[in-house]
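> fold the following.
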Amino acid sequence: MTTEQLKAESSYKVSMNMVKAMLGQGLLTKAEYAKIDTIMLKKYRPILSALR
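Below you'll find the predicted structure:
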């Protein structure tokens, strides 16, 4: 894995951890969470996280 790929994985994970916390607090719906996840996947293009 290259440095860029590792950075993309980390950035995606950090972003989605915050979004997941917001979902858990009831600040987002599951549909909003899914939409944000799609946007973050397109933005960061993580290799490993996209395989989930």
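> not counting sequence-adjacent ones, nearest residue to the residue nearest the centre of the chain?
Note on the chain: the residue nearest the mean C-alpha position is M16, at 3.6 Å, using Cα atoms, centre = their mean. In space, and not counting its chain neighbours, M16 is closest to M40: 6.1 Å by Cβ to Cβ, 6 or more residues apart in numbering. All C-beta atoms are positioned from the backbone trio N, CA, C, and that covers glycine.
> can you count the residues close to that neighbour?
By other Cβ atoms under 10 Å, the residues close to M40 number 18.
> please, which helix or strand holds it?
Here M40 sits within helix 30-44, counting by DSSP states H and E.
> what count of nearby residues applies to A8?
20.
> residues touching it, list them.
Residues counted as contacts of A8 (Cβ atoms under 8 Å, 6 or more residues apart in numbering) are 44-47.
> so who does the nearest residue to it once chain neighbours are set aside touch?
Take A8 and drop its neighbours on the chain: the residue closest to it by Cβ to Cβ, 6+ apart is Y44, 4.5 Å away. Counting by Cβ under 8 Å, 6+ apart, Y44 touches 8-9, 11-12, 15.
> swap in 7 Å and give it another go.
Shown in contact with Y44 (Cβ atoms under 7 Å, 6 or more residues apart in numbering): 8, 11-12.
> and it, how far from Q25?
23 Å (Cβ to Cβ, to the nearest Å).
> and A34, by the same measure?
Taking Cβ to Cβ, one finds A34 at 17 Å from Q25.
> so for these two, which sits in the more crowded spot?
A34 (12 against 8).
> low-confidence ranges, the chain, go.
Within the chain, the segments meeting pLDDT under 70 span 50-52.
> rewinding a little: pull out the buried residues from the helix holding M40.
Buried residues in helix 30-44, counted by 16 or more other Cβ atoms under 10 Å: 33, 36-37, 40, 44.
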